[in-house]
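1. predicted structure and sequence below. I'll ask about it afterward.
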Amino acid sequence: MKKKILIINGPNLNLLGEREIDIYGKITLRQIKRKLEDYAREKNAEIEFFQSNYEGEIIEKIQQARKKFHGIIINPAALSYTSYSILDAIKAVNIPCIEVHLSNIFARENFRKNTITASACKGLITGFGWKSYLLALVYLLS
C-alpha cells in the first residue's frame, strides 16, 4: 500500500522566493513541492501539497485528512505561535504530524521560540531550509 502524506503550508508561504530572501532563501513553494514529489515517487509514496493564508482552511484540511493520509507535515508559519485551533485539530485526527520551519525559529525573535502547534506533533524540524520538509518526509516514510 502506498503511503500518502499531506503537506500543509500556512500564511505567506505562497510568497517564498520573493519575501525576506535573507531569511527564507530564493526557493519557491512550487520548487519545494517538486523536490518532495520526486522523493516521494522514489519511495513509492504520494504527497498532497496545500497552502492557505486562512487558519480555518488549514483546520478543515487537517480534519479532512482522517483515514486518508498516513502522516502530515505542517509549516503553520506565524500561526505556530497563536493557533490553539490548529493544535486541537492536529490532536483530533490522530495522524503522525511533523512541524517544520525553513528558518531556525530559536535563533530569531523571542515570540518564535514558543510554537503552540508543535506540542501536538511527533517532532519539530527547524532551520534547514527546504530540507526541513525533506527530513520530515524521510521520517514519515520510514
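-> Happy to help now that I have it. Numbers count the residues shown, from 1 in each chain.

2. wait, Pro11 touches Tyr81, no?
-> No: counting by C-beta atoms under 8 Å, Pro11 stays clear of Tyr81, with 11.6 Å between them. To be clear about C-beta, it is placed using only N, CA and C from the backbone, and glycine gets the same treatment.

3. phi, psi of Lys113?
-> phi -80, psi -10 (degrees, to the nearest 10).

4. got the contact list for it?
-> Contacts for Lys113 (C-beta atoms under 8 Å, 6 or more residues apart in numbering) come out as Ile105, Phe106.

5. phi and psi next, for the nearest residue to Lys61 once chain neighbours are set aside.
-> Spatial nearest neighbour of Lys61, chain neighbours left out: Phe50 (5.3 Å); criterion: C-beta to C-beta, 6 or more residues apart in numbering. The phi and psi values for Phe50, taken as degrees, to the nearest 10, are phi -140, psi 140.

6. what is the neighbour count of the residue nearest to Asn53 when sequence neighbours are not counted?
-> Leaving aside its chain neighbours, Asn53 sits nearest to Pro11 (4.5 Å; criterion: C-beta to C-beta, 6+ apart). By other C-beta atoms under 10 Å, 17 other residues sit near Pro11.

7. host element of Pro11?
-> Assessed by DSSP states H and E, Pro11 sits outside every helix and strand.

8. ok, it - contacts?
-> Counted by C-beta under 8 Å, 6+ apart, Pro11 has contacts Ser52, Asn53, Tyr54, Ala77, Ala78, Leu79.

9. before we move on, back to that, look up the residues forming beta bridges with the residue nearest to Lys61.
-> Going by DSSP bridges, Phe50 is paired in beta bridges with Ile8.

10. which residue ranges of this structure form helices?
-> Per DSSP state H, the chain carries helices over the ranges 21-24, 29-42, 55-64, 84-93, 131-141.

11. and for the nearest residue to Asn9 once chain neighbours are set aside, the neighbour number?
-> Leaving out its chain neighbours, the residue that sits closest to Asn9 by C-beta to C-beta, 6+ apart is Gln51, at 4.0 Å. Residues near Gln51, counting by other C-beta under 10 Å, number 21.

12. looking at this protein, which helix or strand is least sure?
-> helix 21-24 (a mean of 86; mean pLDDT, DSSP states H and E).
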